[in-house]
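**Student:** return atomic coordinates for the entry below.
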Amino acid sequence: MADDTERVYTIPLGKVLLSPDNRRSMRAINMIREFARKHMKVQEIKIDQALSHEIWARGIRRPPRKVRVRMSKTEDGHVLVSPYSLGKEPAEPASPAVEEPGPEEATGGDAAEGGEPQPDAAVEAEAPGPGKPDAPKDAPKKPEPKKGTADPKAGKDAPKKPEPKKQK
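**Tutor:** Sure, this is the predicted structure:
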């Protein structure tokens, strides 16, 4: 039974919603302990800090509905419960992000990449600074609402609703 020292489980935490909302994450931690005691047959359970952060990440009121964990028995006789990960973290994101040119790329790029120095291209791609406006001056402006319409946002000239009569 070499596989008995480490197991991977998906723990359902849906019943945590039956608890009062100001105690849900605490109840989720207790449910993980109960699950580990039942399945690993050990009374002493230690929850990894990373798993605790995963449970508490959205606050005390909204813990996750289920959590994937790795439970492993240690030589000391207790069970360590940690978040499950395949260990295969993607080196780069799935969709390549647009990167800002670095200091050496802004001055012309690498000759090894086959690119010619283009100092003007870096100047054109600059974001507007504090002295530069965000939008061009000839951009169309939003039309202002007409006064005297039924729109409550129209201003002082908009008609008001009559106040209810007070009974004596």
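**Student:** C-alpha from now on. contacts and neighbour counts both.
**Tutor:** OK.
**Student:** ranges for the helices of this protein?
**Tutor:** Taking DSSP state H as the criterion, the chain carries its helices at 24-40, 49-56, 103-106, 119-124.
**Student:** got those as CSV, with mean pLDDT and mean neighbour count columns?
**Tutor:** Formatted as CSV, the helices of the chain follow (pLDDT from 0 to 100; neighbours: other CA atoms under 10 Å):
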stretch, mean pLDDT, mean neighbour count
helix 24-40, 96, 18
helix 49-56, 96, 16
helix 103-106, 52, 12
helix 119-124, 50, 12
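**Student:** of all those, which one is nearest His78?
**Tutor:** Nearest of those to His78, taken as CA to CA: helix 24-40 at 9.6 Å.
**Student:** export the closest one to PDB, keeping only CA atoms.
**Tutor:** Backbone C-alpha positions of helix 24-40 (Å, rounded to 0.1, in the frame of the first residue of the first chain) are rendered in PDB as follows:
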ATOM      1  CA  ARG A  24     -19.000  30.100   6.300                       C
ATOM      2  CA  SER A  25     -15.200  30.000   5.700                       C
ATOM      3  CA  MET A  26     -14.700  28.800   9.200                       C
ATOM      4  CA  ARG A  27     -17.200  26.000   8.600                       C
ATOM      5  CA  ALA A  28     -15.500  25.100   5.300                       C
ATOM      6  CA  ILE A  29     -12.200  24.600   7.100                       C
ATOM      7  CA  ASN A  30     -14.000  22.400   9.700                       C
ATOM      8  CA  MET A  31     -15.600  20.400   6.800                       C
ATOM      9  CA  ILE A  32     -12.200  19.800   5.300                       C
ATOM     10  CA  ARG A  33     -10.900  18.500   8.700                       C
ATOM     11  CA  GLU A  34     -14.000  16.200   9.000                       C
ATOM     12  CA  PHE A  35     -13.500  14.900   5.500                       C
ATOM     13  CA  ALA A  36      -9.800  14.200   6.100                       C
ATOM     14  CA  ARG A  37     -10.500  12.400   9.400                       C
ATOM     15  CA  LYS A  38     -13.100  10.200   7.700                       C
ATOM     16  CA  HIS A  39     -11.100   9.300   4.600                       C
ATOM     17  CA  MET A  40      -7.500   9.100   6.000                       C
END
